[in-house]
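1. model the following, please.
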Amino acid sequence: MAKGVRVVRMSVEQPLWRALTAYRVLTMLYAILLAAFGGEKYERPWVAVVFLAAMAVWTLATLPKVAGAAACTKRFLGADLTLALIGILVTPLADFQAQHVDGPTLPSIWTAGSVLAFAIKGGWRWAAFASTFVAVANLIERGAPSRDTLHNVLLVWVASIAIGYVVEVARASERTLARALEIEAATRERERLARDIHDSVLQVLAMVQRRGTALGGEAAELGRMAGEQEVALRTLVSSGLVPPTRVSEDAAEGAVVRAVETDDEDTDVPAATDLRALLAPHAGSRVTFAEPGAPVLLSPAAAGELAAAVGAALDNVRVHAGEDAQAWILVEDWPDEVIVTVRDDGPGIPEGRLAQAEGEGRLGVALSIRGRLRDLGGTAELISVPGQGTEVELKVPKVSRGKAGSVR
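-> Numbering: from 1, shown residues only. Below you'll find the predicted structure:
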């Protein structure tokens, strides 16, 4: 059976809703058992039976309502709290001694579930609102405040407000994380577009400028105009004004996503790509290609980006080392990573030249090489000695895709 990966949206507060669901069921059973074992003290046991039966039916029927924030509506919260308050207030009808003895009410600790639902749904202010009604109902049921009653009321009040505050903090953190993910996605998309522009448009403009200048006449004027457009476009790219594609609005809604394995026979897992097939076309009279005897397998995306980074390194050799420069490509396939080294015998790069080029908007190394490797979780190391050529070492990890298949 083929296994793939699907993306599921999950809120950080979802575990609280699951805990509340379990709490309501367990405390319902506790209230029923409490009444069953202490039923002999009730002067009107039928009152307890009617209320507990209604509470049990309500609890089980409304389990989907406490499955998440969307299903837990204000109308449900109001009805749920009303039922809890009724249970507290009718306790003296079933047990005449309830006002004089600090015993449990008919709903017992089930009442706290109603207050906690308010806390999880609306935060600490909603929790304070609901717990205030519960406090008043308990004081009315007892007739006069006692130490145990005040202790129980205060406990529900503090606990619900604390949980409500935690929920608000969690939601704020979730929104912050979603915004950070959105910014990161936009930045990566902007960098990808900038790399594509550098590898295509900027290279063409630079070539037109050089050829036009060499030809002279009207072609020189065209070369000059192409050079001006190249400078303007490089400035636009380096300033970060290249517009990214629109990021999904799910992130802005505060949803955090996680990858989950699923048994789905229809899920297509991309086949691995042999990196050698993508790099072999670079071989020629000026480029020597050394490869392993076995396929070098990477995911299609990783292989494509790594090949593009190698292409950018060779472009730099042709532009900066001269047409007669010799280049070598060496591919090494290790158990956990793939290393591709591009070396040339050109004049090398003067110290500080890369930083200067990046400041001028010439981002070939920064974007086309290092940016691509960073997005793959790899590294790009450039070693250059003036007069002794330049060496670019590209490392890409073999990312495991779990049970969906790993590239080994």
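2. surely Asn152 touches Asn138?
-> Yes. Taking Cβ atoms under 8 Å as the definition, Asn152 is a contact partner of Asn138 at 7.0 Å. All C-beta spots, glycine's among them, are computed from the backbone N, C-alpha and C.
3. how far away is Thr341 from Pro64?
-> Distance of Thr341 to Pro64, given as Cβ to Cβ, to the nearest Å: 59 Å.
4. likewise Asn152?
-> Here the criterion is Cβ to Cβ. By it, Asn152 lies 30 Å from Pro64.
5. who has more neighbours, these two?
-> Applying other Cβ atoms under 10 Å to Asn152 and Pro64 shows that Asn152 carries more neighbours, namely 20 against 10.
6. residues contacting that one?
-> Residues touching Asn152, when contacts are defined by Cβ atoms under 8 Å, 6 or more residues apart in numbering, comprise Asn138.
7. which element, helix or strand, includes it?
-> With elements delineated by DSSP states H and E, Asn152 resides in helix 147-197, which encompasses its position.
8. now swap in Asn316 and tell me
-> Secondary-structure assignment from DSSP H and E places Asn316 in helix 300-316.
9. between that helix and helix 147-197, how big is the angle?
-> On the basis of axes from the mean of the first three to the mean of the last three Cα atoms, to 10 degrees, helix 300-316 is oriented at 40 degrees to helix 147-197.
10. now for helix 300-316, which elements pack on it?
-> Counting contacts by 3 or more Cβ pairs under 8 Å, 6 or more residues apart in numbering; DSSP states H and E, helix 300-316 is packed against strand 273-274, helix 275-279, strand 327-333, strand 337-344, helix 372-375, strand 390-397.
11. redo these as TSV? Include mean neighbour count, distance to Thr21 and mean pLDDT.
-> Supplementary listing: these in TSV, determined by neighbours: other Cβ atoms under 10 Å; distance: least, Cβ to Cβ, whole Å; pLDDT from 0 to 100:
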stretch	mean neighbour count	distance to Thr21	mean pLDDT
strand 273-274	18	46	90
helix 275-279	20	50	91
strand 327-333	18	51	92
strand 337-344	21	46	92
helix 372-375	19	41	82
strand 390-397	21	41	91
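12. which one of those lies closest to Ile183?
-> Shortest distance between Ile183 and those, using Cβ to Cβ, is found for helix 372-375: 15.2 Å.
13. hmm, back to that, out of the helices and strands packed on helix 300-316, nearest to Ala321?
-> Taking Cβ to Cβ as the measure, the helices and strands packed on helix 300-316 were each checked against Ala321, and strand 337-344 came out nearest at 5.0 Å.
14. can you list contacts of the closest one?
-> For strand 337-344, using Cβ under 8 Å, 6+ apart, the contacting residues are 275, 279, 296, 298, 306, 310, 313-314, 317, 321, 325-332, 378, 389-398.
15. and Glu381, how far from Ile32?
-> Glu381 sits 69 Å away from Ile32 when distances are taken as Cβ to Cβ.
16. who's more crowded, these two?
-> The residue with the greater number of neighbours, taking Glu381 and Ile32 and applying other Cβ under 10 Å, is Ile32; the counts read 18 against 12.
17. mind checking which helix or strand the more buried one is in?
-> If you go by DSSP H and E, Ile32 is part of helix 14-37.
18. tell me the buried residues in the next helix or strand after that helix?
-> Next along the chain after helix 14-37, taking DSSP H and E as the criterion, comes helix 45-61. By neighbour count with 16 or more other Cβ atoms under 10 Å, helix 45-61 contains the buried residues Val47, Ala48, Val49, Phe51, Leu52, Met55, Ala56, Trp58, Thr59.
19. just stretch 153-160 next, same as before
-> Buried residues in stretch 153-160, defined by neighbour count with 16+ other Cβ under 10 Å: Val153, Val156, Trp157, Ala159, Ser160.
20. nearest to Trp126, out of the residues you listed: which one, please.
-> For Trp126, the nearest member of the buried residues of stretch 153-160 is Ser160. The distance, counting by Cβ to Cβ, is 8.9 Å.
21. wait, that closest one touches Ala127, no?
-> Yes. With contact defined as Cβ under 8 Å, Ser160 reaches Ala127; the gap is 3.9 Å.
22. by mean pLDDT, point me to the weakest helix or strand of the chain.
-> Of all the helices and strands that make up the chain, the one with the lowest confidence by mean pLDDT, DSSP states H and E is strand 256-263; it has a mean of 36.
23. so which elements touch the helix holding Ile32?
-> Under the contact criterion of 3+ Cβ pairs under 8 Å, 6+ apart, the helices and strands touching helix 14-37 comprise helix 45-61, helix 110-122.
24. can you show me the CA trace of stretch 111-129 as CSV?
-> C-alpha atoms of stretch 111-129 as CSV (Å, rounded to 0.1, in the frame of the first residue of the first chain):
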residue,chain,number,x,y,z
THR,A,111,-20.9,22.4,36.6
ALA,A,112,-17.3,23.3,36.2
GLY,A,113,-17.4,21.9,32.6
SER,A,114,-19.9,24.6,31.6
VAL,A,115,-17.6,27.3,33.0
LEU,A,116,-14.6,25.7,31.3
ALA,A,117,-16.4,25.7,28.0
PHE,A,118,-16.8,29.5,28.4
ALA,A,119,-13.1,29.8,29.2
ILE,A,120,-11.9,27.9,26.2
LYS,A,121,-14.3,29.6,23.8
GLY,A,122,-13.9,33.2,24.9
GLY,A,123,-11.0,33.5,27.2
TRP,A,124,-10.8,34.7,30.8
ARG,A,125,-13.5,37.4,30.5
TRP,A,126,-16.1,34.8,29.4
ALA,A,127,-14.9,32.5,32.2
ALA,A,128,-15.3,35.2,34.8
PHE,A,129,-18.8,35.9,33.5
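25. now that stretch: how far from the chain's centre is it?
-> Chain-centre distance of stretch 111-129: 28 Å, with Cα atoms, centre = their mean, to the nearest Å.
26. for that stretch, buried residues please.
-> For stretch 111-129, burial by neighbour count (16+ other Cβ under 10 Å) applies to 111-124, 126-129.
27. list the contacts of that stretch.
-> Outside of stretch 111-129, the residues within contact range by Cβ under 8 Å, 6+ apart are 13, 16-17, 20, 23-24, 27, 66, 69, 72, 77, 80-81, 83-84, 87-88, 105, 130-131, 134, 156-157, 159-165, 167-168.
28. what's the answer for stretch 284-298, then?
-> Looking at stretch 284-298 with Cβ under 8 Å, 6+ apart, the contacting residues turn out to be 272-276, 279-280, 282-283, 306, 314, 323-333, 338, 396, 398, 407-408.
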